[in-house]
Each structure stands twice: as C-alpha cells, then as structure tokens.
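**Student:** Model the structure of this input:
(one chain, ligands or ions: 1)
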Amino acid sequence: RIRHYKWEVKYEYKSQDCYKKLAITINGRTPGPTIEAQVNDTVVVELKNSLLTENVAIHWHGIRQKGTPWFDGTGGVTQCPIVPGDTFVYKFVVDRPGTYLYHAHYGLQREAGLNGMIRVSLPPGESEPYTYDHDRSILLTDWYHQSTYEQSTGLSSLPFVWVGEPQSLLIHGKGKFDCSTPGLKAGLCNATNPECSSPYVITVVPGKTYRLRIGSLTSLAALSFEIEGHNMTVVEADGHNVEPFVVKNLFIYSGETYSVLIKADQAPTRNYWAVSKIVSRESTTPNGLAIFNYYPNHPRRSPPTVPPVGPAWNDVASRLTQGEAMKARQGYILPPPQTSDRVIVMLNTQNEINGYRRWSVNNISYNLPDTPYLIAVKDRLNHVFDQTPPPDRYDSQNYDIFSKRNNTNATASSSIYKLQFNSTVDIILQNANTMIPNNSETHPWHLHGHDFWVIGYGQGKFDINSDPKKYNLVDPIMKNTVSVQPYGWTALRFVADNPGVWAFHCHIEAHFYLGMGVVFEEGVEMLGRYPTSITGCGDTKGYRRP
Ligand SMILES: O=C1O[C@H]([C@@H](O)CO)C(O)=C1O
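**Tutor:** Here you go, the predicted model:
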C-alpha cells in the first residue's frame, strides 16, 4: 500500500511554551503529523519548502532506506537540500514494524521544531509478543527561545557562544515557560495563550494497559521520563523487541525511541503527573509536565501532589544499568556475527581549530562538502571531498581521557570511511574530558542506514585486548542510536550491507554542527541510477551524469 502525505514546511510564530518564537511547522503543526503505516507499505512524502529563504531536508530516522539511499534526507550526504519554493518527493518502504522518527537534517533546523514520529504496525494477523489495549505516542523535545540563526552564528563565531541550556522541555509540543521571568521583552510571553495554557494530556481508562511509544528529539538534553506512581515495562527500543524490564523512570537520549507498557492500576479518582527531566547535565531548565488523566476525571485537573523529582542529574550508574538491562527479546534474538572484519576506535573530543570551538573524532572534525557524497562517490567526483581516509585508531597509549587536553593537532576534513561491502564492522566510541577540567559529556550516537548490535559498555578507557572478551555476542539488542556516558565507551557492531553513503554522528544538534560525526560508504557501485531530484548543488548545478 502507498501512504501518501502532502506537507508544506514553513516558519510560523508559535507559543509552544507560552513564549512566542519562530518555529518550523509541517502543515501548521509542530510536532508534525505522525506517519502511520504497515510493514512493507511505501511512504510517499511530497514536501514543499515554503521557508522562503532557507533550504531544508528531512531524515527518516530509523528507516534503513534499503535500495533508496537517496531518500535518507541528509543534506550534504544523500541529497542536495531542497531550495525554497521547490517540492521534493521522498519515497521509501517501511520494512519493519516499530517506532521511528523524522526530523530536519539541515543546519540546526531540528531545534526549530521540524520533527515528528513514524509508527509502523504489523500486518493483519500478526501480533506483538505482548498485549495492550491502546497504543499512544509522545515525542519529547527541548525548546530554545533563540532562533536557529542566532544559535548557529554563535556556534561558529569567535568568541564561541554556546547554545546553553534549553528554556523549556516540551511533551508532544507542549510546555510552560514562566512568563514572570525577569528581563523578558514585553508582549512575547503570554501565560494565557491557548497554545500553552494547559499541558499535554494522556487520557487512560482505569484498568486498561497502554502501549506508550516515547521518542526523543531533543537538541541537547538527555532525559528521564516518568509517570507518577506507575511502573513502565520496556518492550521495544528503536524498533526492536527487548526482553521486558521494569523501570520507574526511563532514560531516553535524543534519537531514541522506546515502547513501554503502563497499566492504569492506581487510584482512579485523580490524575497523575508525567514528567520529563534533564539528566547528565546540571541544567537550570524546569521539568516538562503533562497530565496522565484517569477517565472520567477532568483532563485539566491538576494532580493533588507535587510532581516526582526524578533521578539526580549526575547519576551515571543508573543510566548504565538501564543500558545493560536491555537485551534482545527471547524468540527475537538476531545474534551478531561472532567476529568482525574491522575495528574502528573513535575518540570523541572537544577541540579548538584556529581558535574556533569544534568537536572531533580521532582529531578530525567533520565538514560537509557542497556536493553530496552519494553523487560524488557514484559519479567519481573525487575532487569534491578529501580523499585521505580518516584514521581507524587514536593514540590510546599516550592519550589521557581523564584530563583536559588542547588537541592542538585537530584538523577539519570531509574525508569518509570506505567500508568493504558485507563486512562486519566494530565501532568503539570512546568518550573523554572536554576542554573544561573535570568534565565529560553524554553523547547519543546515531547511525543512518543500519541497525547495530550494542555489544558492550564500559567506564574509563577501552582496552582493545581485554574488553572485547566481555562483549555480549549472545543476545545484544539492536538499535540505531546509543549513548556514550561521560568518560565511558560503547561498542557496537554492524554489517555494512546497505549500498549507500551513511552519516554516523552525535545526535546533539550543536555537536554535529561542530563536526562530531563521520560518514561511511559501502557498495555505492552496486546502486542503480539515483533520481535527478537529489542534484542541483555544489558540482551538480545544471548537472548531467558523467
Ligand atoms: O560543545 C559544548 O560547549 C559547551 C561547553 O563545553 C563550553 O561552553 C558545552 O556544554 C558543550 O556541549
């Protein structure tokens, strides 16, 4: 079946958290409409760019794009961005059930609210290995009052201006900023604006079980999500069934999705709080609040209690515990290849290059070329990006991940990793100290075009001789996004079996913008003709294929 969507993307003033700001909307909404499809449906999105002065591209996060790498929606990697006034047609098959996301993948546009969810259901007659009465989806985001222009200018300026902590946390597009905050410009914040005056409501019928699909597309924040007084049983992560485990609060990083089962089994005479809270950074941002409404109580009736405070922001151990608790569900285990053909260790560092603040992988900070790689590789336009391959290792013997380093030899580059088609690749993401003493951050890494097995986590420096012996090669979960904890490492394995060019990057929007990512290429020579709609920029202006 074809699922056809017609979307218009434009800037509009929105007051998601009572503060008026220019948001990017789809058909007037942020989050945009949820794409609902069944396994093996073809999704067609006809996207009109009405941003007037700005390009756009949309990435279908978690959809592997088998056979359609040109519709991955990654500006500079898989397509030329869509110029103002143009309509671009994305067309791809959703080949697996589960919960996925979509969002802008151009500049910092995700920050402005261009995001939404994708829900792929099983074909009729097939069922999930768990039962529930109703299915609901919520998207968690953080929200800044500055525009993408102000943010991106600050990030690429001397002196460096960091985006700072978000002003609000939104639950499915709704939040509440305190309009009595001193220093606000008159007329911008209006606590009685109907767009924000009541929180998001999840209505439940007492006694019923809900599958709640939770996605995070924060720009920066790692979150803890909880529903007062209710346990959650995690059953799905990034489209894969997990061996069920119960949590009081769910840690969720930007780019991840989870399904949890929640039974409405508490006193039905009242409502409860649903809370999102920033973890892994010491943030001043107030918690996001929604109402978990027990029918027939009034949906706007505030719960009689104070919202739960959630875990401490710096409780790394609990976050690692959740990661380790996640295993592929019995009966749904796809064991990884037991050995790999190549191991790439990626040291994540914050650097300065010519005085400019950047993030790097093995001392290389990523710069996108003007001509998308997919076209450049397919048509052998070797001059459009750096041809020296990036390194598979950093100098781990002499690098102290626990101390502040200047990393003066970091450089910017547009080089890419060429992977042998069908080879098995291990990636070890190694975290380190930032340029601030005694500070290391959390980074969610997202891989396009593939799922990977999460085969190991650890604290401190990864030891290539002993740590691989501890890998879980029996029942590891597959995901498309995984976190790397402060001063820790995460190991993942994937098979390079999807012809195309694929970004792999930190999902913190400002970090990718500052170079924290790499690009993999595999099997592009096997691809047929790409659609000409992806050309038009860099060396492909007025282009005829060689
Ligand atoms: O890239 C970043 O810069 C700031 C800080 O390190 C310097 O202001 C921060 O928290 C980041 O994640």
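**Student:** Quick one: end-to-end distance for stretch 144-162.
**Tutor:** Start and end residues of stretch 144-162 are separated by 12 Å (C-alpha to C-alpha, to the nearest Å).
**Student:** do the same with stretch 192-199
**Tutor:** For stretch 192-199, the first and last residues are 12 Å from each other (C-alpha to C-alpha).
**Student:** So which residues make contact with that stretch?
**Tutor:** Here stretch 192-199 makes contact (C-beta atoms under 8 Å, 6 or more residues apart in numbering) with 14-18, 171, 174-177, 191, 289-291, 300. Just so you know, the C-beta spots here come from the backbone N, C-alpha and C atoms, and that holds for glycine as well.
**Student:** Ok, stretch 126-133 next?
**Tutor:** Residues outside stretch 126-133 that contact it (C-beta under 8 Å, 6+ apart): 97, 122, 205, 208-211, 235, 241, 244, 261, 329, 331-332.
**Student:** how about a cut-off of 10 Å?
**Tutor:** Residues external to stretch 126-133 that are found in contact with it (C-beta atoms under 10 Å, 6 or more residues apart in numbering): 38-39, 97-98, 121-122, 135, 204-205, 207-212, 233, 235-236, 241, 244, 259, 261-264, 329-332.
**Student:** Of those residues, which belong to strands?
**Tutor:** Residues of these located in strands (DSSP state E): 38, 98, 121, 135, 204, 209-212, 233, 235-236, 241, 244, 259, 261-263.
**Student:** residue contacts, the residue in the chain positioned nearest to the ligand?
**Tutor:** Closest approach between the chain and the ligand, counting by C-beta to the nearest ligand atom: W162, at 3.8 Å. Shown in contact with W162 (C-beta under 10 Å, 6+ apart): 151, 154-155, 220, 357, 510.
**Student:** What score does it have for pLDDT?
**Tutor:** If you check W162, the pLDDT there is 98.
**Student:** doesn't it fall inside a strand?
**Tutor:** No. Using DSSP: H, G, I helix; E, B strand; the rest coil, the assignment for W162 is coil, not a strand.
**Student:** Buried by neighbour count: which residues of stretch 83-101 qualify?
**Tutor:** Using 16 or more other C-beta atoms under 10 Å as the test for burial, stretch 83-101 gives 84, 86, 88, 90, 92-94, 96-101.
**Student:** and E54, how far is that from H383?
**Tutor:** Distance, E54 to H383, by C-beta to C-beta, to the nearest Å: 28 Å.
**Student:** same check, this time on H298
**Tutor:** Distance from H298 to H383, by C-beta to C-beta: 65 Å.
**Student:** Run through the residues of the chain sitting next to the ligand.
**Tutor:** 162, 350, 434, 436, 441 (C-beta under 6 Å from any ligand atom).
**Student:** nearest to E525, of those?
**Tutor:** E525 lies nearest to Q350 out of those, by C-beta to C-beta, at 36.6 Å.
**Student:** Give the burial count for the residue lying closest to V384 once chain neighbours are set aside, as a bare number.
**Tutor:** Excluding the flanking residues, the one nearest V384 by C-beta to C-beta, 6 or more residues apart in numbering is T371, at 4.2 Å. T371 is flanked by 23 other residues according to other C-beta atoms under 10 Å.
**Student:** Below-threshold pLDDT in the stretch 301-450 of the chain: ranges please.
**Tutor:** For the stretch 301-450 of the chain, no stretch has pLDDT under 70.
**Student:** which residue ranges form the helices in it?
**Tutor:** 316-325, 373-378 (DSSP state H, counting those that start in this stretch).
**Student:** who does the longest one touch, helix- and strand-wise?
**Tutor:** Based on contacts counted as 3 or more C-beta pairs under 10 Å, 6 or more residues apart in numbering; DSSP states H and E, the elements that helix 316-325 packs against are strand 222-227, strand 240-247, strand 249-252, strand 272-279, strand 452-459, strand 481-484, strand 488-495.
**Student:** in the second one, what counts as buried?
**Tutor:** Right, strand 240-247. Within strand 240-247, the residues that count as buried by 16+ other C-beta under 10 Å are 240-243, 247.
**Student:** Contacts for it next, please.
**Tutor:** Contacts of strand 240-247 (C-beta under 10 Å, 6+ apart): 96-98, 128-130, 224-226, 231-236, 258-261, 318, 321-322, 325-334, 451, 453, 475, 477-480.
**Student:** ok, back up a step: so which of the contacts of W162 sit within helices?
**Tutor:** The members of the contacts of W162 that map onto helices under DSSP state H are 151, 154-155, 510.
**Student:** Tabulate the CA atom coordinates of the helix or strand hosting L170 in PDB.
**Tutor:** Element membership for L170 (DSSP states H and E) is strand 168-171. What follows is strand 168-171, C-alpha atoms only, in PDB (Å, rounded to 0.1, in the frame of the first residue of the first chain):
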ATOM      1  CA  SER A 168      11.700  24.500  28.300                       C
ATOM      2  CA  LEU A 169      11.100  20.900  27.900                       C
ATOM      3  CA  LEU A 170       8.100  20.000  25.700                       C
ATOM      4  CA  ILE A 171       5.900  16.900  25.900                       C
END
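**Student:** and the lowest-mean-pLDDT helix or strand in the chain with strand 222-227, angle?
**Tutor:** Using mean pLDDT, DSSP states H and E, helix 316-325 stands out as the lowest-scoring helix or strand of the chain, at a mean of 93. Helix 316-325 runs at 80 degrees relative to strand 222-227, counting by axes from the mean of the first three to the mean of the last three C-alpha atoms, to 10 degrees.
**Student:** Include distance to T535 when you put the residues of the chain next to the ligand into CSV, please.
**Tutor:** Listed next are the residues of the chain next to the ligand as CSV, based on distance: C-beta to C-beta, whole Å:
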residue, distance to T535
W162, 36
Q350, 35
T434, 39
I436, 43
E441, 37
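**Student:** Can you select the buried ones from those residues in PyMOL?
**Tutor:** Restricted to buried positions by 16+ other C-beta under 10 Å, the PyMOL selection for those reads:
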select buried, resi 350+434+441
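**Student:** What about the residues of the chain next to the ligand, which are in strands?
**Tutor:** Short answer: the residues of the chain next to the ligand in strands (DSSP E) are Q350.
**Student:** With respect to P308, which of the residues of the chain next to the ligand is nearest?
**Tutor:** Ranked by distance to P308 (C-beta to C-beta), the residues of the chain next to the ligand are led by E441 at 25.3 Å.
**Student:** show me what contacts the closest one?
**Tutor:** Each residue near E441 by C-beta under 10 Å, 6+ apart is listed here: 220, 222, 280-281, 348, 350, 359, 431-434, 484-487, 506, 508, 511.
**Student:** Secondary structure element holding S127?
**Tutor:** Using DSSP H and E, S127 falls outside every helix and strand.
**Student:** Look at it and say how many residues are nearby.
**Tutor:** Per other C-beta under 10 Å, the neighbour tally for S127 reads 8.
**Student:** repeat for S219
**Tutor:** 22.
**Student:** Just want the phi and psi numbers for it.
**Tutor:** S219 adopts backbone torsions of phi -80, psi -40, taken as degrees, to the nearest 10.
**Student:** list the contacts for it?
**Tutor:** By C-beta under 10 Å, 6+ apart, the residues touching S219 are 108, 110-112, 141-144, 148, 151, 163, 166, 254, 507-511.
**Student:** My read is that E352 contacts N409, right?
**Tutor:** No. When contacts are counted by C-beta atoms under 10 Å, E352 is not listed as touching N409 (11.2 Å).
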